[in-house]
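Q: below is the sequence, then the predicted model.
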Amino acid sequence: QVQLVESGGGLVQAGGSLRLSCEASGLTFSWYAMGWFRQAPGKDREFVAVISRSGDNAYYADSVKGRFTISRDNARNTVYLEMNSLKSDDTAAYYCAADHSLVPETTAPEYDYWGQGTQVTVSS
């Protein structure tokens with residue numbers, strides 16, 4: 001049974017930082033690109049970042065480029081999202097997801113497995 005478990009969310013002031021983690025089990029982690037998505041109340045789920053299977057390539061949404069960094073540790077079956085200079089617009093539930101595609105994808109339907117989400121709230 002595949003499980004993706006996010007952690008690290010919380011309440012932070014604008015300009016602050018958070019580091020999200022997502023630990024995977026039940027799959028061969030290095031065979032999957034790993035992505036982060038987010039969903040704010042009343043809005044569609046949106047792409048945040050994705051990292052390739054090896055970790056050599058990463059892609060970001062324009063809204064987070066330069067502020068967020070995605071990384072992974074294949075030995076620990078874990079993907080991370082370092083979030084700096086947080087803004088109130090970053091408030092959302094953040095989800096990690098696993099994609100078996102060879103090319104890292106930025107659209108949610110391409111992903112095979114999803115975590116339950118962790119809430120990030122940025123106060124202004």
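A: That came in fine, so what should we check first?
Q: how close does the spatially closest residue to Ser101 that is not a sequence neighbour sit to Tyr94?
A: In this structure, Ser101 finds its nearest non-sequential neighbour in Glu110, 6.0 Å apart by CB to CB, 6 or more residues apart in numbering. Where you see a C-beta, it was placed from the backbone N, CA and C, and this is true even at glycine. As for Glu110, its distance to Tyr94 is 18 Å (criterion: CB to CB, to the nearest Å).
Q: relative to its centre, which residue of the protein is most distant?
A: Ser124 (22.5 Å; CA atoms, centre = their mean).
Q: pretty sure the residue nearest to Ser101 is touching Asp99, no?
A: Yes: using CB atoms under 8 Å, Glu110 is in contact with Asp99, at 5.6 Å.
Q: which of those two has more neighbours?
A: Asp99 (22 against 16; other CB atoms under 10 Å).
Q: check contacts around Asp73.
A: Counting by CB atoms under 8 Å, 6 or more residues apart in numbering, Asp73 touches Val79, Tyr80.
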